[in-house]
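>>> Output the structure for:
(one chain, ligands or ions: 1)
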Amino acid sequence: MSVAGKCDVVVIGAGIIGAMSALYLQADGRSVTLLERGDVARGASQGNAGILAFPEIIPIPAPGIMKKAPRWLIDPLGPLSIPPAYALRIAPWLWRFWRASSPQAFRHGLKVQTAMMQLAAAEMQRIAQMPELSGFISNTGTLDLYDSEASFNAASHDWQEKAKAGFQFSRVGRAEIEQLQPGLAPQFRHAMYTPGGLQVSDPYEFTKAIADLAASRGVEIRKGEAVRVEPAGDGAIVTLSGGERLDAARVVIAGGAWSKTLSSGLGDRLPLETERGYNTTLPRQSFNLTRQLYFNDHGFVATPLSSGIRVGGAVELGGLDLPPNYRRSEALLAKASRFLPDLKTEGGTQWMGFRPSMPDCLPVIGSSKASAAVVYAFGHGHLGLTQSAATGRLVSDLVCGRSPAISVEPFRPGRFA
Ligand SMILES: Cc1cc2nc3c(=O)[nH]c(=O)nc-3n(C[C@H](O)[C@H](O)[C@H](O)COP(=O)(O)OP(=O)(O)OC[C@H]3O[C@@H](n4cnc5c(N)ncnc54)[C@H](O)[C@@H]3O)c2cc1C
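Residues are numbered from 1 along each chain as shown. Coordinates of the predicted model:
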């Protein structure tokens, strides 16, 4: 495919999705330019919780979720918030989200996520076996905590689905909870333990390591902002903010939550929004956190990372431009210190990140209607790190003209037309 003076592939965006796509494309023999307007791995991929959440196959738009939402919205610092300044803008996305929560759409989403997570786990295992990357992935196990027996029971259907999909876990009571994570508040008497729960040592370090490995194998990492992508012959041209034009056989748009400007320019009207998430990273010695903890009734997690103890989550449907409201990070930390009474909450670093989110909570992986030479890879919402290697594989399958490892039909950009 290589043409003199023309790149095989330009990948736009060096978050985990773009970096992983570049690595896979290079391994498939393509000459790749990875274009990033800022620094590598400084978008959503910088500060996420670092969890490789393969068992998270249950679609977020589930039947009945819209009935629960008003309860969450009452608390402006609760697990879900919509700033008044953004309420009208987000309404069409919420309408699509509601439609995705029908029983039929839910069953479809479950089937699709199960196939995607199986591919994601298999591909991430290949990544973990690479000597340059193996040190970044570890098995700490996952403890899913519930406030009461009632809320544990309410989740039992989800756990049955996870068991059907082949994930292994067991119910644990107070004595085992205390052994698995000493220092949890006594209210936690009901939990599920997933011994195979994986995580990365730090999401920034991991994404950077993927990009560095790609670069060491010949991927060109280039600073620049793509302002337009347009089809040209059987390839495409990327125009940079300074006016320079990059001629490519294929272009992959992996700009995370910012991908819409480029996809709209190609005539694809995609309902990409952002679910803003907040966290605080505390010094490592703030608490002896042994493994990932999910506080299921409160929409946040705590993860032991090499960079510290990261506490966060929540969803704020506030778009790309409103300033962050770090009272959300503080509210999550205050809750965490109630649940882990010995947690020292001083000295932390607050962060807000933009999850790139589609209303059906499935990513967009597929060609633009303008040209098969332009492939989209964005919209992974809460699961971009987890599904990054699978996405790299699928992107490379599409670019190289192979039959994709799993059907990409459910991820096609045209599904919202
Ligand atoms: C609080 C929080 C916790 C999370 N926890 C987890 C977790 O535990 N596990 C998990 O799997 N996922 C998690 N996620 C989700 C995950 O972080 C995202 O899904 C993932 O990082 C998205 O990666 P990305 O590469 O698509 O986007 P990004 O990492 O945002 O990267 C996009 C890149 O594209 C660049 N870019 C955009 N437009 C252009 C342009 N025109 N020209 C050049 N460059 C451009 C941007 O500068 C950016 O660097 C979490 C997210 C948040 C916010």
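
>>> Distance from the chain centre to the lengthiest helix in the chain, please.
In terms of residue count, the longest helix belonging to the chain (DSSP state H) is helix 103-128. How far helix 103-128 lies from its chain's middle: 13 Å, per C-alpha atoms, centre = their mean, to the nearest Å.

>>> Okay, buried residues for that helix please.
105-106, 108-110, 112-121, 123-124, 127-128 (16 or more other C-beta atoms under 10 Å). From N, CA and C alone the C-beta is placed, and that goes for glycine too.

>>> Could you do stretch 45-65 as well?
45-62, 65.

>>> So which of these are in helices?
Those of the buried residues of stretch 45-65 mapping onto helices are 45, 46, 47, 65, per DSSP H.

>>> Can you name the next helix or strand after the host helix or strand of residue 276?
Under the criterion of DSSP states H and E, residue 276 resides in strand 273-282. The C-terminal neighbour of strand 273-282 among helices and strands, as given by DSSP H and E, is strand 292-295.

>>> For residue 98, give its distance to residue 358.
14 Å (C-beta to C-beta, to the nearest Å).

>>> Who has more neighbours out of the two?
residue 358 (24 against 15; other C-beta atoms under 10 Å).

>>> count of residues packed around the closest residue in space to the more buried one that isn't next to it in sequence?
Counting by C-beta to C-beta, 6 or more residues apart in numbering, the nearest residue to residue 358 once its immediate chain neighbours are dropped is residue 379, at 4.2 Å. Residue 379 has 29 neighbours, counted by other C-beta under 10 Å.

>>> Contact partners for residue 379?
259, 270, 272, 356, 357, 358, 362, 363, 364 (C-beta atoms under 8 Å, 6 or more residues apart in numbering).

>>> can you check residue 187 too?
Contact analysis of residue 187 by C-beta under 8 Å, 6+ apart lists 147, 339.

>>> next one: the one 5 residues further on
Under the criterion of C-beta under 8 Å, 6+ apart, the neighbours of residue 192 are 143, 144, 152, 159, 169, 170, 171, 172.

>>> Kindly report the same for residue 356.
By C-beta under 8 Å, 6+ apart, the neighbours of residue 356 are 44, 256, 257, 259, 272, 274, 378, 379, 380, 381, 384.

>>> Repeat that for residue 370.
If you count contacts by C-beta under 8 Å, 6+ apart, residue 370 has them with 230, 231, 266, 267, 268.

>>> could you redo the last one with a cut-off of 7 Å?
231, 266, 267 (C-beta atoms under 7 Å, 6 or more residues apart in numbering).

>>> Please apply the same query to residue 245.
Shown in contact with residue 245 (C-beta under 7 Å, 6+ apart): 237, 238, 239.

>>> just to confirm, which helix or strand has the second one in it?
Read that as residue 238. Counting by DSSP H and E, residue 238 is found in strand 235-240.

>>> Parallel or antiparallel, list what pairs with the helix or strand that that strand is followed by.
Downstream of strand 235-240, the next assigned helix or strand under DSSP H and E is strand 245-253. With DSSP bridges as the test, strand 245-253 is paired with strand 7-12 (parallel), strand 235-240 (antiparallel), strand 374-378 (parallel).

>>> Next SSE downstream of the shortest one?
On the C-terminal side of strand 374-378, the nearest following helix or strand under DSSP H and E is helix 388-399.

>>> Tell me the residues of the stretch 151-300 of the chain that contact the ligand?
Selection of the stretch 151-300 of the chain residues close to the ligand by C-beta under 6 Å from any ligand atom yields 225, 226, 254, 255, 256, 257, 258, 262, 277, 279.

>>> 5 Å - rerun?
225, 226, 255, 256, 258, 277 (C-beta under 5 Å from any ligand atom).

>>> For the residues you listed, work out which two are farthest apart.
Spanning the widest gap among those are 226 and 277, at 25.2 Å by C-beta to C-beta.

>>> the more surrounded of those two?
Applying other C-beta under 10 Å to residue 226 and residue 277 shows that residue 277 carries more neighbours, namely 25 against 22.

>>> So the more buried one is in contact with residue 354, correct?
No - contact between residue 277 and residue 354 fails when scored by C-beta atoms under 7 Å: they sit 8.2 Å apart.

>>> Can you flag which of the buried residues of stretch 45-65 belong to strands?
Using DSSP state E, the subset of these located in strands is 51, 52.

>>> need the helices for the stretch 301-417 of the chain, in chain order.
Counting by DSSP state H, counting those that start in this stretch, the stretch 301-417 of the chain has helices at residues 327-339, 388-399.

>>> closest to residue 94 out of the ones you listed?
helix 327-339 (19.4 Å).

>>> same for the closest one, what does it pack against?
Where contact means 3 or more C-beta pairs under 7 Å, 6 or more residues apart in numbering; DSSP states H and E, helix 327-339 is packed against strand 273-282, strand 308-316.

>>> Adding distance to residue 29 and mean pLDDT, write those out as JSON lines.
As requested, the helices and strands packed on helix 327-339 are arranged in JSON lines below (distance: least, C-beta to C-beta, whole Å; pLDDT from 0 to 100):
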{"stretch": "strand 273-282", "distance to residue 29": "35", "mean pLDDT": "98"}
{"stretch": "strand 308-316", "distance to residue 29": "37", "mean pLDDT": "97"}
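
>>> mind putting those in CSV, distance to residue 26 included?
Formatted as CSV, the helices and strands packed on helix 327-339 follow (distance: least, C-beta to C-beta, whole Å):
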stretch, distance to residue 26
strand 273-282, 29
strand 308-316, 30
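
>>> Can you name the residue of the stretch 51-200 of the chain nearest to the ligand?
Proximity to the ligand, evaluated over the stretch 51-200 of the chain using C-beta to the nearest ligand atom, is greatest for residue 51 at 3.5 Å.

>>> Could you measure from that residue over to residue 247?
Distance from residue 51 to residue 247, by C-beta to C-beta: 39 Å.

>>> got any ranges where the protein has weak pLDDT?
1-7 (pLDDT under 70).

>>> got the domain boundaries for it?
7-46+205-271+362-416, 57-107+134-200+273-357 (automatic domain parsing).

>>> Residue 20 - that's part of a strand, no?
No - with DSSP: H, G, I helix; E, B strand; the rest coil as the criterion, residue 20 is helix rather than part of a strand.

>>> if I pick the closest residue to it other than its chain neighbours, what's in contact with it?
Of all residues not flanking residue 20 in the chain, residue 392 sits nearest, at 3.7 Å (C-beta to C-beta, 6+ apart). Residues counted as contacts of residue 392 (C-beta under 7 Å, 6+ apart) are 20, 21, 23, 24.
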